[in-house]
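# Predicted structure and sequence below. I'll ask about it afterward.
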Amino acid sequence: MSPLSRRSRRSLFPSFVRALDEIVGHRVYNTHVPSRVNNGLFALSSSADKTAFWAAVILGVALTGAKGRVAARRGALTLVVSTTLANLVAKTFIRAPRPRLRGLTHRHLNHTPTSPSFPSGHTATAAALATGVWVADPTRGIAITALALAVGYSRLHIGAHWFSDVATGNLVGLLIGLLGGQIVPPNK
């Protein structure tokens, strides 16, 4: 089978991963949340699609002083590497299908993304930025980590990804952020 053809999740993932995806998905999709929370998660997920969102986060960190500028550079670097690895490399070769949700009309995207599901690029990007900032300055990293976790959950909440997509996206981002800290130590 060509690495570029769409494969079934059954052929890609062991049964325990598929079972965990189903359990977590069922729990998330069937948990009622207030409409304000739902709308906020939808807006966050949609905003995280855009370069301007991440540029604003990086600029905000950079504006907090000299340590903030170092943290922002590190975060931006790891964000670019993670986005490239998750969205251009991994998704091209793995080609996992997205969840097909029925009856989730109150919290789904207007259109299902056409890109493959695994790993979650949104989550990998957010986690890499958070880890990159954290490596340079843990204090600033706390706020970005909270944002990164919210972005990852938002992808589950709206049904754009499976739990394993988001968990792997977090792992990819974390590893790239940590590896970046080893290759290019932050300037003191």
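Okay, I see it.

# The residue nearest the centre of the chain: what's its closest spatial neighbour, skipping adjacent residues?
With distances taken as CA atoms, centre = their mean, residue 123 lies nearest the centre of the chain, 0.6 Å away. In space, residue 123 comes closest to residue 169 once its chain neighbours are excluded; the distance is 3.0 Å by CB to CB, 6 or more residues apart in numbering. From N, CA and C alone the C-beta is placed, and that goes for glycine too.

# Can you name the helix or strand that the residue nearest to the centre of the chain falls in?
Taking DSSP states H and E as the definition, residue 123 sits inside helix 121-136.

# Which elements pack onto that helix?
helix 51-62, helix 66-83, helix 138-157, helix 163-183 (3 or more CB pairs under 8 Å, 6 or more residues apart in numbering; DSSP states H and E).

# please redo it, this time with the cut-off set to 10 Å
helix 35-47, helix 51-62, helix 66-83, helix 138-157, helix 163-183 (3 or more CB pairs under 10 Å, 6 or more residues apart in numbering; DSSP states H and E).

# Quick check: buried residues in it?
121-136 (16 or more other CB atoms under 10 Å).

# now do stretch 17-32
Buried, per 16+ other CB under 10 Å, within stretch 17-32: 17, 18, 20, 21, 24, 25, 28, 29.

# three-state assignment of the fifth one?
It stands for residue 24. helix (DSSP: H, G, I helix; E, B strand; the rest coil).

# how close does it get to residue 131?
Distance from residue 24 to residue 131, counting by CB to CB, to the nearest Å: 23 Å.

# wait, residue 87 sits on residue 118?
No: the pair residue 87 / residue 118 is not scored as a contact, 11.2 Å apart, by CB atoms under 10 Å.

# For residue 54, list the residues it contacts.
47, 48, 75, 76, 79, 80, 83, 125, 126, 129 (CB atoms under 10 Å, 6 or more residues apart in numbering).

# mind checking how far it is from residue 173?
12 Å.

# Mutual contacts of these two, please.
Joint contacts of residue 54 and residue 173 (CB under 10 Å, 6+ apart) are 79, 83, 125, 126, 129.

# Now do the second one: how many residues are near it, please.
Translated: residue 83. 20 (other CB atoms under 10 Å).

# Grab the nearest non-local neighbour of residue 117.
Nearest to residue 117 is residue 98, by CB to CB, 6+ apart, at 4.2 Å.

# one step back: distance to residue 159 for the buried residues of stretch 17-32 - can I get that in a markdown table?
Below are these laid out as a markdown table (distance: CB to CB, whole Å):
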| residue | distance to residue 159 |
| --- | --- |
| 17 | 18 |
| 18 | 16 |
| 20 | 16 |
| 21 | 12 |
| 24 | 12 |
| 25 | 8 |
| 28 | 8 |
| 29 | 7 |
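
# So which of those residues sit within helices?
17, 18, 20, 21, 24, 25, 28, 29 (DSSP state H).

# Noted, bye for now.
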